[in-house]
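Engineer: Just to be clear, the model below is a prediction. Sequence and coordinates:
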2 protein chains.
Amino acid sequence: MTSETIGANAADSRVLTRVGDFVPRDAWATAGVRCSIEKALDVVGTRSAMVLMREAFSGSRRFDQLVLRTGLSEPVAAKRLKQLVADGLFVQQAYRDSGTRTRLEYVLTERGRALFPVMAALMQWGDELGDGRGAMQLFHADCGEPVTSVLRCAAGHEVTLSETCARQDLPDDQG
Amino acid sequence: MTSETIGANAADSRVLTRVGDFVPRDAWATAGVRCSIEKALDVVGTRSAMVLMREAFSGSRRFDQLVLRTGLSEPVAAKRLKQLVADGLFVQQAYRDSGTRTRLEYVLTERGRALFPVMAALMQWGDELGDGRGAMQLFHADCGEPVTSVLRCAAGHEVTLSETCARQDLPDDQG
DNA sequence: CTGTATCCCAGCGGATACTG
DNA sequence: CAGTATCCGCTGGGATACAG
């Protein structure tokens, strides 16, 4: 069975399928809707965007540091940072260090910080590629245990791929 | 403090920093190591790879379905699928439907399936962009509750960004 | 049905030089 | 220090036509 009603919260007219089954139709393309994955990739779909976010999570805030530590060229970093500010992942905040000059630094917004689970999951997946050189492991500061990205439902269950269903919010003109 | 020892598991010589603090140096570039993020992006860093994975998780296995439902052109889909097979995210499996002909279908490997938390996290993040059209919500099949991507430590604690530390495995020649 | 071959264009990203 | 201007090569991706 490819489409069914599972659980009270899902009892509506929208498309609900077990992940791994077929969804009923070419929903995205037919509806002229960009799916969430594509919308996300419009913002962080480039290597430069991702490595800048990575460095931002590592604490870099100043332009020269971001350039140095990402290995990007200045023009690329500047262009991408400008786009990321426009997309609301960074804000530019004035700050002044010991000297007198006031400078701007790139500070993650809530939307930018919300990308952390994506980065963590991607990092975890990337660690398992290749020889393990350059691996980065995350830890819980409070207890020291390693941190992984998992799927969890609102009832607190840890959910695997095969236990997951998907519901698409399609436009009104869907039959 | 930017570098410290937190918890027993982290008590070694590698770089350990609170996420959000600075790591001590330009570790990636200096060491000539591609970080896990970049390694992951080498494989799934393109829009075509991501939408093909999305459709694979939705159950598409045949070439024509993957082409139709991703909206990619055949040449792009073929090239990317070939690369994803080479990278071990898909295997091509023979199957035969009611007719007599044997065909190949693209089946996710364990490595491919391991990308699901990334896709789920990215989908979740992308849902919060824009007008909500095309949003896709995941549910736990067993209880119907919505599923989200979270960070969890081995001790079972749910971990936020500010509670997370990172340890980098740098090459031996690091001082 | 499952691709391949060819051609084309747009965008990413690097190098270099320059500005406030 | 924090970018901008310009130029250029590479790759991603689409269109079309063709092949097993």
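Structural biologist: The structure has been received and is ready for your questions.
Engineer: make it CA atoms for all contacts and neighbour counts henceforth
Structural biologist: OK.
Engineer: Contacts only, for residue A:153.
Structural biologist: For residue A:153, the contacting residues are A:159, B:139, B:140, B:145, B:146, B:147, B:148, by CA atoms under 8 Å, 6 or more residues apart in numbering or on different chains.
Engineer: Secondary structure element for the second one, which one?
Structural biologist: In this structure, residue B:139 sits in strand B:136-140 according to DSSP states H and E.
Engineer: could you flag which of the contacts of residue A:153 are buried?
Structural biologist: A:159, B:139, B:140, B:145, B:146, B:147, B:148 (16 or more other CA atoms under 10 Å in any protein chain shown).
Engineer: What mean pLDDT does the strand ranked longest in chain A get?
Structural biologist: Counting by DSSP state E, the longest strand found in chain A is strand A:146-153. For strand A:146-153, the mean per-residue pLDDT is 94.
Engineer: What is the burial count for residue A:88?
Structural biologist: Neighbours of residue A:88 under the rule other CA atoms under 10 Å in any protein chain shown: 16.
Engineer: Tell me the secondary structure at it.
Structural biologist: Here residue A:88 is coil, with the state taken from DSSP: H, G, I helix; E, B strand; the rest coil.
Engineer: Quick check: phi and psi at it.
Structural biologist: The phi and psi values for residue A:88, taken as degrees, to the nearest 10, are phi 80, psi 20.
Engineer: Identify the residues contacting it.
Structural biologist: Residues in contact with residue A:88 (CA under 8 Å, 6+ apart) are A:109, A:111, A:112.
Engineer: about what we covered before: ok, which of the contacts of residue A:153 also contact DNA strand C?
Structural biologist: When those are checked against DNA strand C using CA under 7 Å from any atom of the strand, none falls in range.
Engineer: Just send the residues you listed back as CSV, with distance to DNA strand D too.
Structural biologist: What follows is the contacts of residue A:153, written out as CSV (distance: CA to the nearest atom of the strand, whole Å):
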residue, distance to DNA strand D
A:159, 30
B:139, 28
B:140, 31
B:145, 33
B:146, 30
B:147, 28
B:148, 26
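Engineer: Of those, which is the nearest to residue A:36?
Structural biologist: Nearest to residue A:36, judged by CA to CA, of the contacts of residue A:153 is residue B:148 at 14.2 Å.
Engineer: Contact partners for that closest one?
Structural biologist: For residue B:148, the contacting residues are A:151, A:152, A:153, A:154, B:120, B:121, B:124, B:138, by CA under 8 Å, 6+ apart.
Engineer: filter those to the buried ones?
Structural biologist: The buried subset of the contacts of residue B:148 - by 16+ other CA under 10 Å - is A:151, A:152, A:153, B:120, B:121, B:124, B:138.
Engineer: Wait, the second one touches residue A:159, no?
Structural biologist: To tie it back to what came earlier, the one meant is residue A:152. Yes - between residue A:152 and residue A:159 there is a contact at 5.5 Å, judged by CA atoms under 8 Å.
Engineer: what's the overlap in contacts for those two?
Structural biologist: When contacts are counted by CA under 8 Å, 6+ apart, residue A:152 and residue A:159 are jointly contacted by residue B:147.
Engineer: what's stretch A:34-44 in contact with?
Structural biologist: Residues outside stretch A:34-44 that contact it (CA under 8 Å, 6+ apart) are A:28, A:49-50, A:84, A:87, B:47, B:50-51, B:54, B:119, B:122-127, B:129, B:134-136.
Engineer: okay, that stretch in CSV with CA atoms only?
Structural biologist: Listed next in CSV are the C-alpha coordinates belonging to stretch A:34-44 (Å, rounded to 0.1, in the frame of the first residue of the first chain):
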residue,chain,number,x,y,z
ARG,A,34,10.0,23.7,-5.5
CYS,A,35,10.3,21.1,-2.8
SER,A,36,11.9,22.0,0.5
ILE,A,37,15.2,20.4,-0.5
GLU,A,38,15.4,22.6,-3.6
LYS,A,39,14.5,25.7,-1.6
ALA,A,40,17.2,24.9,0.9
LEU,A,41,19.7,24.3,-1.9
ASP,A,42,18.9,27.6,-3.4
VAL,A,43,20.3,29.1,-0.3
VAL,A,44,23.1,26.8,0.8
